[in-house]
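Engineer: Turn this into a structure:
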Amino acid sequence: MFQIKDTLVTLDMAEQFFCCDLEKCLGACCIEGDAGAPVTEAEVAEIEKALPVVEPEMMPRAVAEVRENGVSYIDEEGDRVTTILDGRNCAFTCYAPGGICLCALEKAHREGKTAFRKPASCALYPVRLKEYAGFTAVNYHRWKICRDAEVLGRKKGIRLYQFLRGPLIERFGTEWYEELAAACELYLKEYPDGLK
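Structural biologist: Residues are numbered from 1 along each chain as shown. Got it, this is the predicted structure:
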């Protein structure tokens, strides 16, 4: 692991190749799984504020579910997560031609309609954060639906820490990211094939 300020970061950040391949996975991370995306109370407030702009992009059933039960709930592990439909689909999904799943929140942001982009847990995926007393663990969440992203990342030579540069800077700051990038580059010089 790398220790960067008050975080412990998995070596996967350096070792793992990654680049989302939406044409192959079709955005499966927004529609697969048994719970919504982790959100903070501040993010819940931002989502609620964005609802009037976002609702036209959402599925009608999702709009009804959010209006009835809110934008988030507490899952079985005690974490606050985004509302889902049918035990899997995030309520904020929308679809592009070809069946590619997109985020209605991010679509509205890209169109300049909202300041809020999307929850940090979504922007950082496939990295997951876990808060502990005194530090934050930064881990790679391996999931079969992301195999195509690993293949494309290897083909393009993009490491996980490089792919997530923007979201990592947004969450931890430029200085933190530069320290991580330097640690990853040094590690890859010493262990070009990773630890054996």
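Engineer: hey, let's count contacts and neighbours off CA atoms from now on
Structural biologist: Will do.
Engineer: Scan the helices and strands of the protein for the one with the lowest mean pLDDT.
Structural biologist: helix 22-25 (a mean of 79; mean pLDDT, DSSP states H and E).
Engineer: what helices or strands is that helix leaning on?
Structural biologist: For helix 22-25, there is no helix or strand it packs on, judged by 3 or more Cα pairs under 8 Å, 6 or more residues apart in numbering; DSSP states H and E.
Engineer: List the buried residues for that helix?
Structural biologist: Neighbour-count burial for helix 22-25, with 16 or more other Cα atoms under 10 Å as criterion, is recorded at C25.
Engineer: ok, residues contacting it?
Structural biologist: Helix 22-25 is contacted by residues 100, 145-146, 148 when judged by Cα atoms under 8 Å, 6 or more residues apart in numbering.
Engineer: For the helix or strand hosting A149, which helices and strands make contact with it?
Structural biologist: Following DSSP states H and E, one finds A149 within helix 147-156. Here helix 147-156 touches no other helix or strand, going by 3+ Cα pairs under 8 Å, 6+ apart.
Engineer: from the middle of its chain, how far away would that helix be?
Structural biologist: 17 Å (Cα atoms, centre = their mean, to the nearest Å).
Engineer: any idea which helix is longest in the chain?
Structural biologist: Ranked by number of residues, the top helix in the chain under DSSP state H is helix 174-190.
Engineer: can you map out the helices along the protein?
Structural biologist: Using DSSP H, helices in the chain cover 12-15, 22-25, 41-54, 60-69, 104-110, 120-123, 147-156, 160-163, 165-172, 174-190.
Engineer: Check those for me: which has the lowest mean pLDDT.
Structural biologist: Of all those, the minimum mean pLDDT falls on helix 22-25 (a mean of 79).
Engineer: ok so, going back, most neighbours per residue, which of the helices of the chain?
Structural biologist: Counting by mean count of other Cα atoms under 10 Å, helix 12-15 has the highest mean neighbour count of the helices of the chain, with a mean of 22.
Engineer: Extract the CA atoms of that one and return them as PDB.
Structural biologist: Extracted C-alpha coordinates of helix 12-15, given in PDB (Å, rounded to 0.1, in the frame of the first residue of the first chain):
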ATOM      1  CA  ASP A  12      -3.700  -1.600  -7.600                       C
ATOM      2  CA  MET A  13      -3.700   2.100  -8.400                       C
ATOM      3  CA  ALA A  14      -0.300   1.600 -10.000                       C
ATOM      4  CA  GLU A  15      -0.500  -2.100 -11.100                       C
END
